[in-house]
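Output the structure for:
(chains A and B)
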Number of protein chains: 2
Amino acid sequence: MVVKVGYLGPKGTFTNIAVDALFEAEQTVSYRTIPECLDAVDTQEVELAVVPVENAIEGTVSMTIDYLIHQVELPIIAEVVVPITQHILVHPEFEGDVERIEHVYSHSHAIAQCHQFIHKEMPDVEVHYSASTGEAAAKVKDLKGQHAAIGNALAAQEYGLKVLRENVHDYNNNHTRFVVVQKEQAPVEMKDHEVKQQKTTLMVTLPSDRAGALHQVLSAFAWRKMNLSRIESRPMKTGLGNYFFIIDVNQSYDSILFPALQQELKALGCQTKILGTYPCFEIQSNAVYKM
Amino acid sequence: MVVKVGYLGPKGTFTNIAVDALFEAEQTVSYRTIPECLDAVDTQEVELAVVPVENAIEGTVSMTIDYLIHQVELPIIAEVVVPITQHILVHPEFEGDVERIEHVYSHSHAIAQCHQFIHKEMPDVEVHYSASTGEAAAKVKDLKGQHAAIGNALAAQEYGLKVLRENVHDYNNNHTRFVVVQKEQAPVEMKDHEVKQQKTTLMVTLPSDRAGALHQVLSAFAWRKMNLSRIESRPMKTGLGNYFFIIDVNQSYDSILFPALQQELKALGCQTKILGTYPCFEIQSNAVYKM
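All right, here's what the predicted structure looks like:
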């Protein structure tokens, strides 16, 4: 069976790169907000969704995590890491180099990611902010002339633009992270990628705001030698001063360590919830698209 | 001396509410990205800046924290918490209720924050995404007719719109957080607010990725009964697998506990850096602006 996959659009975003790396294009459906995308899985309009959990331009970790915690019950079945690579995109008929560019268009977060480059190489350029990197690319295709967009290699391909300068982002080791969520547990066919790591994501709520409670929780992981790759406190939506923690453990859910850990935390007055146990893939954003 | 205060614009955003709550309007200068805003303090174009560190529509925690860690050395001197309140804004000549609205405009994150309301009360509306809530408000002012923007009370005031429906955001206890940063240590005059809490923010880097290292770090806080109100792991820009932690402690930096804590962590092979010790204010976003 060919499943349908929702993702946070528009086309040409890093989420689009992540979804293309795992699924065939004819399976994918673009949504404009994270809640819309997750609701589509919940109502079974689509079987799966790919949504950002870190550093993506179109959404924030908190939006995805909060929605998964408070609104919908959708296990995470995979994680994809995509390096952030931004390029200067121009109309195919554009001639010359960056100093000929008078106007640059992009989402404000993409502009921010290339702040040093713009400052040094295009100090006099007029910057225009758009609702998405895709919208910026479409505009540059229409306008021709001394206009450029900032976006990734997929945006160049999708909107028929030329990559004038590659890798103009300020940090080389910056990356975006995405999760694949599913409602019904069913085997899913994904394109082949090397599994970098197995992970399990838990939500832990503490019994009270007392000093050392988190330390006590982490003891339960530490003495089992369970390695954490992420921890983040998030305020509960029930008011200030109440927190829950999102914890990524670098191993698969098992029938011994995890149930014992959960029981121990329960005895301490904590609630735990497993958000998923899944493989992590890492893909190259430039390698996927020939420029 | 009247200081100049940079903030992440445009007008009518929650950052604008935060900056207005602390400073007089004639002091404030709007910037379009977080790096621009922080660079302006660093180059002393402005003395202070107000930038988001959580849940703001225009920027993400990672953008501010990463820039403060990697690019500029600007201590945090205050924190401001503003509840998220979104309203349906229409042209002052608009008559009728939400069912007469055919088009709604806003930033995709603001649309996402009102997802349930739109779904239930305006199911057939056409949603348009703009680069900012301010841009959406300006558009609705120009277009008149059956158009609405989603934004806060300040956006209504700034762009001369009428609040048709108050509090259409999905969560009542959602809030945004901002920090005020300064380059030169000099006394700063701010409008009077009750101090809710004193906080100190530290960055801690672990010696290696080994299991339990974080637990060991938190022991140093726990046995001193230092209460943490936030912890977040962030990847270093030097590659995958290296992390640092941002930790908020609910007390002022002192001459005994903190230096001893830092020495103990140093002995464990950790690096620590104090990002600031400061008062936290909480303001009401609707109370500030008479509707």
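
Give me the most central residue, chain A.
Centrality entry for chain A: nearest residue to the mean C-alpha point is A:Pro52, 2.5 Å, by C-alpha atoms, centre = their mean.

And the strands in chain A?
Taking DSSP state E, the strands of chain A run over residues A:5-8, A:28-31, A:48-54, A:76-83, A:87-90, A:103-106, A:126-129, A:147-151, A:162-165, A:175-182, A:195-205, A:228-235, A:243-249, A:271-282.

Can you list the strands that the second one pairs with?
Think strand A:28-31. Each strand paired with strand A:28-31, and its direction, by DSSP bridges: strand A:5-8 (parallel).

Could you do the last one as well?
Paired strands of strand A:271-282, with direction, are strand A:76-83 (parallel), strand A:195-205 (antiparallel) (DSSP bridges).

now the shortest one, how far from the centre of its chain.
Between the centre of strand A:76-83 and the centre of its chain there are 8 Å (C-alpha atoms, centre = their mean, to the nearest Å).

Highest mean neighbour count out of the strands paired with strand A:271-282?
The highest mean neighbour count among these, using mean count of other C-beta atoms under 10 Å in any protein chain shown, belongs to strand A:76-83: a mean of 22. Every residue, glycine included, has its C-beta placed from N, CA and C.

Could you pick out the residues of the stretch 1-150 of chain A near chain B for me?
Within the stretch 1-150 of chain A, the residues that sit near chain B (C-beta under 8 Å from any C-beta of the partner chain) are A:32-36, A:39, A:54-55, A:58-63, A:66, A:70, A:81, A:107-109, A:111-112, A:115-116, A:119, A:127, A:129-132.

need the residues of the stretch 151-291 of chain A near chain B, please.
With C-beta under 8 Å from any C-beta as the criterion, the stretch 151-291 of chain A meets chain B at residues A:171-175, A:209-212, A:214-216, A:218-219, A:221-223, A:225-233, A:235-240, A:243, A:245, A:282.

before we move on, back to that, give me the pLDDT value at the residue nearest to the centre of chain A.
Residue-level confidence at A:Pro52 comes out at 87, pLDDT.

correct me, but it touches A:Gly9?
No. The criterion here is C-beta atoms under 8 Å, and A:Pro52 misses it with A:Gly9 at 11.7 Å.

Run through the stretch 101-250 of chain A and note the low-pLDDT ranges.
Regions of the stretch 101-250 of chain A meeting the criterion pLDDT under 70 cover residues A:208-211, A:237-241.

hmm, 50 instead?
Low-confidence regions of the stretch 101-250 of chain A, defined by pLDDT under 50, span residues A:240.

Mark which of the residues of the stretch 151-291 of chain A next to chain B are buried, thanks.
The neighbour-count test (16 or more other C-beta atoms under 10 Å in any protein chain shown) marks A:174-175, A:211-212, A:214-216, A:218-219, A:221-222, A:226-233, A:235, A:237, A:243, A:245, A:282 as buried among those.

re earlier: filter the residues of the stretch 1-150 of chain A next to chain B down to the ones in helices?
Among these, the members falling in helices (DSSP state H) are A:34-36, A:39, A:61-63, A:66, A:70, A:108-109, A:111-112, A:115-116, A:119.

and the residues you listed, which are buried?
A:34-36, A:39, A:61-63, A:66, A:108-109, A:111-112, A:115.

among those residues, which two are most distant?
Put simply, by C-beta to C-beta the two of those set farthest apart are A:Asp39 and A:His115, 34.5 Å from each other.

Surely A:Leu214 and B:Ile231 touch.
Yes. Contact criterion C-beta under 8 Å: A:Leu214 and B:Ile231 qualify, at 6.9 Å.

okay, and the common contacts of these two?
Taking C-beta atoms under 8 Å, 6 or more residues apart in numbering or on different chains as the contact definition, A:Leu214 and B:Ile231 share the neighbouring residues A:233, A:245.

Quick check: A:Glu282 vs A:Gln113, distance?
As defined by C-beta to C-beta, to the nearest Å, A:Glu282 lies at a distance of 19 Å from A:Gln113.

before we move on, what about A:Leu89?
Using C-beta to C-beta, A:Leu89 is found at 14 Å from A:Gln113.

So for these two, which sits in the more crowded spot?
Neighbours around A:Leu89 and A:Gln113, counted as other C-beta atoms under 10 Å in any protein chain shown, are more numerous at A:Leu89. The numbers are 32 against 25.

Excluding covalently adjacent residues, which one is nearest to the more buried one?
Setting aside the residues directly before and after it, A:Leu89 is nearest to A:Leu161 in space (C-beta to C-beta, 6 or more residues apart in numbering or on different chains), at 4.0 Å.

can you tell me which residues contact A:Leu218?
Under the criterion of C-beta under 8 Å, 6+ apart, the neighbours of A:Leu218 are A:228, B:214-215, B:218.

Please flag which of these sit within helices.
The subset of the contacts of A:Leu218 located in helices under the criterion DSSP H comprises B:214-215, B:218.

Chain B versus A:Ala21, what's the distance?
Between A:Ala21 and chain B the distance is 17 Å, computed by C-beta to the nearest C-beta, to the nearest Å.

what sits against the closest residue to that residue other than its chain neighbours?
With C-beta to C-beta, 6+ apart as the measure, A:Ile283 is the residue that lies nearest to A:Ala21, at 4.4 Å, once sequence neighbours are left out. A:Ile283 makes contact with A:17-18, A:21, A:80-82, A:193, according to C-beta under 8 Å, 6+ apart.

cool, and A:Ile111?
Under the criterion of C-beta under 8 Å, 6+ apart, the contact list for A:Ile111 reads A:104, A:118, A:127, A:129, A:150, B:32-33.

who wins for neighbours among these?
Neighbours here are counted as other C-beta under 10 Å. On that basis the top member of these is A:Ile150, with 28 neighbours.

May I have the beta-bridge partners of the closest residue to that one other than its chain neighbours?
The shortest distance from A:Ile150 to any residue that is not its chain neighbour, by C-beta to C-beta, 6+ apart, is 3.9 Å, and that residue is A:Ser106. Each beta-bridge partner of A:Ser106 is listed here, defined by DSSP bridges: A:Tyr129.

Was I right to think A:Ser106 contacts A:Gly134?
No. Using C-beta under 8 Å, A:Ser106 is not in contact with A:Gly134; the gap is 10.0 Å.

what is in contact with those two at once?
Each of A:Gly151 lies in contact with both A:Ser106 and A:Gly134 under the rule C-beta under 8 Å, 6+ apart.

So for these two, which sits in the more crowded spot?
More neighbours sit around A:Ser106 than around the other of A:Ser106 and A:Gly134, counting by other C-beta under 10 Å; the figures are 32 against 24.

got a list of what that one touches?
With C-beta under 8 Å, 6+ apart as the criterion, the residues that contact A:Ser106 are A:114, A:129-130, A:133, A:136, A:149-151.

Can you give the domain ranges for chain A?
Chain A breaks down into these structural domains: A:5-83+A:175-183+A:193-282, A:87-165 (assignment by automatic domain parsing).

Please compute how far the shortest one lies from its chain's middle.
How far domain A:87-165 lies from its chain's middle: 22 Å, per C-alpha atoms, centre = their mean.
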